[in-house]
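K.L.:
no sequence for this one, just the structure:
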């Protein structure tokens, strides 16, 4: 009996030992797994901290598109002659090639080639406003005819010359500055007379007839068309040139002017109305200006006939 009890105790003890061994083995494996996971976590944590310190988790900078044109808002409240017409996009406009602008006046049509390479902002503004019908049925408010300035001014729906679209931009593509004349007059020596001063040279032409330009400070919409070579020092932004219709502008000029509200003799005597103004993109590249061909020398002893100056297509 005693041996039977002893055997049972041994079996029970062995069972307990096996259970304790299994438990110990499980705890050992658990500690090993914890150690492995702890090591992996530490490695990952170090990597994350390193990446964070290097800025890997910083917000990615948003891609910015460089502005081609910056439109400066004008104070509509302070100038009731201005008209809020919104503003064109600041980027994405064509910066090469040309556009064709057609102005249908009440006296005839003119067509101009707008230079999108030299004046992308002027060309973009004209197209933006033309597409919205801004210019339709508006009067041209000024016709200058002296002091080196011969141009028809349009683009102000108020007709005052102080209005237009309520934005502007920095002057682009102004004409090259005219060279300053020498301070000392040149002299010529004659056998029959002493040294005499030569007549002063004429001022350089800065805006050839047919030039289309935007008016300073109100260049959002106001533009001028020169109908005669002009030497004015005003810094207009040249945007293009007429390809046809110069004769229409010349006839407007020939009709004369009358006094405007300020008493200046610059208001067209006959109403000049822009019925429609459209701008159509073209794919033709901007052709470089072609210098005038030099006049061939006349044969010795032959009379020389003065060559008339070239003018823009009429």
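P.N.:
Thanks, I have the structure now. None of the values given here were measured: they were computed from a predicted structure.

K.L.:
any low-confidence regions in the chain?
P.N.:
Counting by pLDDT under 70, the chain shows low-confidence ranges at 1-32, 35-36, 48, 50-65, 177-201, 283-314.

K.L.:
domain assignment for it?
P.N.:
1-56, 72-173+204-281 (automatic domain parsing).

K.L.:
which of these is buried the deepest?
P.N.:
domain 72-173+204-281 (a mean of 19; mean count of other C-beta atoms under 10 Å). Where C-beta positions appear, they are placed from N, C-alpha and C, glycine not excepted.

K.L.:
Any idea how far apart the tips of that domain sit?
P.N.:
25 Å (C-alpha to C-alpha, to the nearest Å).

K.L.:
What are the boundaries of the strands in the stretch 1-150 of the chain?
P.N.:
72-73, 82-83, 98-105, 108-115, 138-139, 142-143 (DSSP state E, counting those that start in this stretch).

K.L.:
Of the ones you listed, which is nearest residue 122?
P.N.:
With distances scored as C-beta to C-beta, the stretch of the strands of the stretch 1-150 of the chain nearest to residue 122 is strand 108-115 (7.3 Å).

K.L.:
tilt between the closest one and strand 98-105?
P.N.:
160 degrees (axes from the mean of the first three to the mean of the last three C-alpha atoms, to 10 degrees).

K.L.:
Does anything pack onto strand 108-115? Which helices or strands?
P.N.:
Secondary-structure packing of strand 108-115 (3 or more C-beta pairs under 8 Å, 6 or more residues apart in numbering; DSSP states H and E): strand 98-105, helix 120-131, strand 237-244, helix 246-254.

K.L.:
what packs against the second one?
P.N.:
Where contact means 3+ C-beta pairs under 8 Å, 6+ apart, helix 120-131 is packed against strand 98-105, strand 108-115, strand 237-244, strand 273-281.

K.L.:
Need these in CSV (columns: distance to residue 225).
P.N.:
Below are the helices and strands packed on helix 120-131 laid out as CSV (distance: least, C-beta to C-beta, whole Å):
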stretch, distance to residue 225
strand 98-105, 8
strand 108-115, 7
strand 237-244, 7
strand 273-281, 11
